[in-house]
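A.B. asks: build me a model from this:
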Amino acid sequence: MALFLLRPVAGKKLINPEYVDYAEELGDPLDYEQPLIGFPGHFAPNDLLFYQGDQFPERYKNGAFIAFHGSTIRAPYPQGGYFIGFVPFKEGKPSGPWEVFADGFAGVDTIVNTSDAAYRPMGLAMGPDGSLYISESEEGKIWRVMFKGAKETFGSEHLAAMEKHKMLSHIKDPDEINDNLDRGRAEAGEKLFVTHCGACHLADGRGDGTRYPSLHNSDWVNGDEQRLISILLKGLEGEITVNGQSFQGVMPAFNYLEDEQIAQILTYVRLNFDNDSPSIQAVDVRRQRRRESREAENL
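C.D. replies: All right, here's what the predicted structure looks like:
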């Protein structure tokens with residue numbers, strides 16, 4: 001577990017959340033041994049291979065191939081990783097910045113949810129002839145990578161095309177505003193909210209004040225996200241207390257909606273109506289569905 005994290009969006013090192021309570025004891029981050037090289041957060045490096053073969057051009061000899069399995073929780077930004085990286089080495093140390101060696105495994109560029117990715121690189125191995133083998137975790141597929149060009153003329157111009165991949169949304173450092181996917185998801189959530197929730201909670205989210213509670217600055221909306229998701233999946237019946245006021249009513253289940261639709265509604269509510277809480281992702285809804293399904297089977 002790392003004590004400090006480099007967060008590109010913030011432009012500085014931040015204390016890992018697990019160690020915030022010990023900030024004064026940790027001291028200055030610069031007093032710690034610095035890493036030889038760093039990668040953007042949530043790339044999820046899953047395997048490392050130092051290449052010893054001769055099948056590839058000389059520049060790859062002794063360098064490190066890295067399988068980035070890909071993130072699951074980089075929201076509200078696109079998920080990152082899902083490619084094979086390479087770090088050139090010389091005399092046992094990185095001799096240049098990390099590169100994109102092989103990409104396209106996900107099948108899409110903007111990876112909103114992990115399930116959108118067709119494949120996720122997982123393992124690396126070198127064959128007897130120097131070929132590079134890449135495995136992935138979604139379908140159990142394995143690729144064999146061979147170099148069939150002229151090794152003696154291989155150079156920087158051949159790497160330029162792959163360098164452009166660093167600007168793709170699943171590889172680049174996300175822009176805090178322009179790459180925030182919640183903006184579009186909240187807009188979609190507003191339309192769904194008006195359609196499915198507006199009759200009771202009203203379009204402005206203030207409810208009628210008697211049977212249907214206001215969603216403004218709500219302790220339920222800003223509280224436990226599992227409980228919030230469960231309300232939409234199972235409905236709610238009986239007396240509840242919202243911001244100190246009691247309500248007695250029935251809320252139907254909306255489990256017929258897709259995971260992403262429920263996530264969009266809740267994201268809209270948690271980012272509006274005087275609320276300010278993290279977004280809800282489809283994977284969160286899917287996880288809650290499974291949890292409740294297992295609980296129902298155990299009854």
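A.B. asks: where does residue 241 land in three-state SS?
C.D. replies: Following DSSP: H, G, I helix; E, B strand; the rest coil, we place residue 241 in the strand state.
A.B. asks: so what's it bridging to?
C.D. replies: Counting by DSSP bridges, residue 241 forms beta bridges with residue 246.
A.B. asks: on the pLDDT front, check it for me.
C.D. replies: pLDDT, residue 241: 91.
A.B. asks: next one: residue 3
C.D. replies: Value listed for residue 3 in the pLDDT field: 48.
A.B. asks: hang on, residue 270 packs against residue 284?
C.D. replies: No: using C-beta atoms under 8 Å as the test, residue 270 is too far from residue 284 to be in contact (11.6 Å). Just so you know, the C-beta spots here come from the backbone N, C-alpha and C atoms, and that holds for glycine as well.
A.B. asks: tell me the contacts of residue 235?
C.D. replies: By C-beta atoms under 8 Å, 6 or more residues apart in numbering, the contact list for residue 235 reads 250-254.
A.B. asks: name the nearest residue to it, ignoring sequence neighbours.
C.D. replies: Closest residue to residue 235 apart from its sequence neighbours, by C-beta to C-beta, 6 or more residues apart in numbering: residue 253 at 3.8 Å.
A.B. asks: Three-state assignment for the residue lying closest to residue 271 once chain neighbours are set aside, please.
C.D. replies: Closest residue to residue 271 apart from its sequence neighbours, by C-beta to C-beta, 6+ apart: residue 186 at 5.2 Å. At residue 186 the chain is in helix, as set by three-state DSSP.
A.B. asks: surely residue 186 meets residue 265?
C.D. replies: No: applying C-beta under 8 Å as the test, residue 186 and residue 265 come out as separate, 9.7 Å apart.
A.B. asks: of the two, who's got more company?
C.D. replies: More neighbours surround residue 265 than the other of residue 186 and residue 265, with 27 against 21 (other C-beta atoms under 10 Å).
A.B. asks: ok, the more buried one touching residue 193?
C.D. replies: Yes: counting by C-beta under 8 Å, residue 193 is a contact partner of residue 265 at 5.3 Å.
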